[in-house]
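[1] Provide a 3D model corresponding to the input given below.
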Amino acid sequence: MSKQVKTHVEIEYKKRNKTTVFWRGILVFPTLVFICAFAVQSSAGVAAGFIILPVLLALVFREVYPSYLLTFNHAFLELHTRVVSYVLLLTDEYPSIERNKEIEVVFPDIKGGKALNRWLPLVKWFLAIPLIIVGVIYALIALGMTFIAWVMTWSTGTYPKWAGKFVLKTLQFWNRVNGYAFLLVSDKYPSFAL
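    Okay, here's the model as predicted:
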């Protein structure tokens with residue numbers, strides 16, 4: 001089993017719904033409001049909505065990752081991945097607030113926190129700064145590609161594979177960074193490569 005967060009998204013390339021592709025930004029609004037309802041309760045920026053501080057305290061002082069927090073963070077990351085996959089045109093299926101077998105995020109087995117370094121969570125956010133800078137560059141490129149793919153998909157009904165591969169790898173990169181720096185489910189430093 002991997003020591004990092006794994007993300008699997010089944011990308012739809014052909015026979016895309018041109019109408020929903022065109023109106024994607026408006027259609028996703030209700031789900032974004034739902035996600036923002038979690039983020040309103042925290043001002044953590046990039047990791048808004050995730051439960052971070054209680055996890056950090058439990059890992060440092062008790063050397064345990066509470067199962068209910070792990071379950072919540074896992075479900076929230078999967079929801080976030082479904083919404084991003086929909087917005088970035090990887091899928092036409094409207095992002096459900098329930099699990100979806102076509103979009104899956106897998107956490108490494110952390111054995112209740114015992115497999116994790118007790119003190120590393122105190123500095124992971126700092127160590128992740130270079131990853132975040134590179135991730136922002138990847139995200140900007142992915143957004144540019146998504147705009148071009150949006151025009152192509154809206155006009156032809158086919159999503160370009162070159163865009164799908166890069167956008168998916170960017171999404172996977174960000175999930176690995178989130179798993180390392182904010183969700184604290186991995187001690188393995190993520191690679192800078194997509």
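
[2] Please count neighbours and contacts with C-alpha atoms only from this point.
    Fine.

[3] Could you pull up phi and psi at the closest residue to His8 other than its chain neighbours?
    Excluding the flanking residues, the one nearest His8 by Cα to Cα, 6 or more residues apart in numbering is Glu104, at 5.1 Å. For Glu104, the backbone dihedrals are phi -130, psi 140 (criterion: degrees, to the nearest 10).

[4] any idea how far Leu79 is from Glu104?
    Using Cα to Cα, to the nearest Å, one obtains 9 Å as the distance from Glu104 to Leu79.

[5] out of these two, which sits in the busier spot?
    Residue environment comparison for Glu104 versus Leu79 gives the larger neighbour count to Leu79, 23 against 19, counting by other Cα atoms under 10 Å.

[6] Tell me who's in contact with the more buried one.
    Listed by Cα atoms under 8 Å, 6 or more residues apart in numbering, the contact partners of Leu79 are Pro95, Ser96, Ile97, Glu98, Arg99.

[7] repeat for Gly135
    Counting by Cα under 8 Å, 6+ apart, Gly135 makes contact with Thr170, Phe173, Trp174.

[8] can you rerun that using 10 Å?
    Ile129, Ile141, Thr170, Leu171, Phe173, Trp174, Val177, Phe192, Ala193, Leu194 (Cα atoms under 10 Å, 6 or more residues apart in numbering).

[9] Then Gln172?
    Listed by Cα under 10 Å, 6+ apart, the contact partners of Gln172 are Val5, Lys6, Thr7, His8, Val9, Thr81, Val105, Phe166, Asn178, Leu194.

[10] gap between the last one and Thr91?
    This means Leu194. As defined by Cα to Cα, Leu194 lies at a distance of 20 Å from Thr91.

[11] And for the first one?
    Per Cα to Cα, Val5 is found 21 Å from Thr91.

[12] Tell me which helix or strand comes right after the lengthiest helix in the chain.
    In the chain, ranked by residue count with DSSP state H as the criterion, the top helix is helix 129-156. The helix or strand immediately downstream of helix 129-156 is helix 161-177, counting by DSSP states H and E.

[13] just to revisit the earlier point, and Leu194 and Thr91? Which one has more around it.
    Under the neighbour definition other Cα under 10 Å, Leu194 and Thr91 were set side by side, and Thr91 has more, 25 against 16.

[14] right, and that one touches Lys18 too?
    No: in this structure, Thr91 sits apart from Lys18 without contact. The criterion is Cα atoms under 10 Å, and the distance is 11.9 Å.

[15] Excluding covalently adjacent residues, which one is nearest to Tyr189?
    The shortest distance from Tyr189 to any residue that is not its chain neighbour, by Cα to Cα, 6+ apart, is 6.9 Å, and that residue is Tyr180.

[16] residues near that neighbour, how many?
    Residue crowding around Tyr180 was assessed by other Cα under 10 Å; the count is 24.

[17] Brilliant, that's me finished.
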